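**Student:** model this:
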Amino acid sequence: MQMQREQGVSFPPHLISLERIQELADIEETVDGSIRIGALTDLESCRTHPLVRRKCPILSEAIGAIASPAVRNRGTIGGNVLYGVGDAIPVLLALDARLSWFCENGIRSEWINDYLSKQEAPAKAAILTDITVASPVKGRCFFRKIGRRETFVPSVVTVAMYREMTDRHTIKEIRMVAGGGVNTPRRLKMCERELIGKELTDDLIVSLSAGIKEEAALIGDVFASADYRRTVAANLLLAALQSDR
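**Tutor:** Residues are numbered from 1 along each chain as shown. Just a heads-up that it's a prediction; the model follows:
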């Protein structure tokens, strides 16, 4: 709204602020060790919170790549999720985060992947209350944002990945995510299924390239073409797989 006002768009006659509901801006550890982050927690507080930095450093890293310090001090993690293309979303998808909503009939919870797939709240007038990330993180995490310059810019391509291996060096669990620009980040579930139970050989990694490009289905805009985005996303994810072997 601030950016719209600078472009000449008037504010609505009435605004409702939720900022004084402190319970929506808390970060705490739950009984099972997960991290519950209130939807109204500003991005900078989330990035620097000791619990997040200690138990989920990949989320702190991703939030540090969002916009500028001024934006991170005002923007909230809930707003970044509801924006639909926020740069925190890929990591939250890779970590299989859950969203909690306050609805007419009480609290409802859903996986962030389910929400993004339909792009609508679970009930009319539902309010996002918190985001929960399981902890401790058992596998390895990866995040990378590519922009037109190093900082303070929207993403051109953003990828994230979570990978957990078995004792036999085969993939036990994996979540791969691609997004960026106007693209809503998405899980690459067909590629994930292709990897489960397999060893990361060079041939397997190379064969994934076409599948990642196709399933990511990233579209282009004035800043980057669809082909460029898909190629970069594939290269980043494949490089992460190779380096973690």
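
**Student:** name the residues that touch the helix ranked longest in the chain?
**Tutor:** If you go by DSSP state H, the chain has its longest helix at helix 226-243. The contact list for helix 226-243 (C-beta atoms under 8 Å, 6 or more residues apart in numbering) reads 142, 144, 146, 156-157, 159, 161, 163, 176, 178, 180-181, 183, 200, 205-206, 208-209, 212-214, 216-220. Any C-beta I mention is one placed from the backbone N, CA and C, and that applies to glycine too.

**Student:** can you give me the helices in this protein?
**Tutor:** Using DSSP H, helices in the chain cover 2-6, 43-48, 50-55, 57-64, 69-74, 77-82, 89-94, 112-118, 189-195, 202-216, 226-243.

**Student:** show me what contacts the closest residue to residue 25 other than its chain neighbours?
**Tutor:** In space, residue 25 comes closest to residue 40 once its chain neighbours are excluded; the distance is 4.2 Å by C-beta to C-beta, 6 or more residues apart in numbering. Shown in contact with residue 40 (C-beta under 8 Å, 6+ apart): 18, 19, 21, 24, 25, 76, 78.

**Student:** which residues touch the last one?
**Tutor:** By C-beta under 8 Å, 6+ apart, the contact set of residue 78 is 24, 38, 39, 40, 41, 128, 131.

**Student:** pLDDT score assigned to it?
**Tutor:** Turning to residue 78, the model gives it a pLDDT of 95.

**Student:** quick check: it vs residue 97, distance?
**Tutor:** 12 Å (C-beta to C-beta, to the nearest Å).

**Student:** same question for residue 36.
**Tutor:** In terms of C-beta to C-beta, residue 36 sits 10 Å off from residue 97.

**Student:** pull up the overlap in contacts between those two.
**Tutor:** Common neighbours of residue 36 and residue 97 (C-beta under 8 Å, 6+ apart) are 131, 132.
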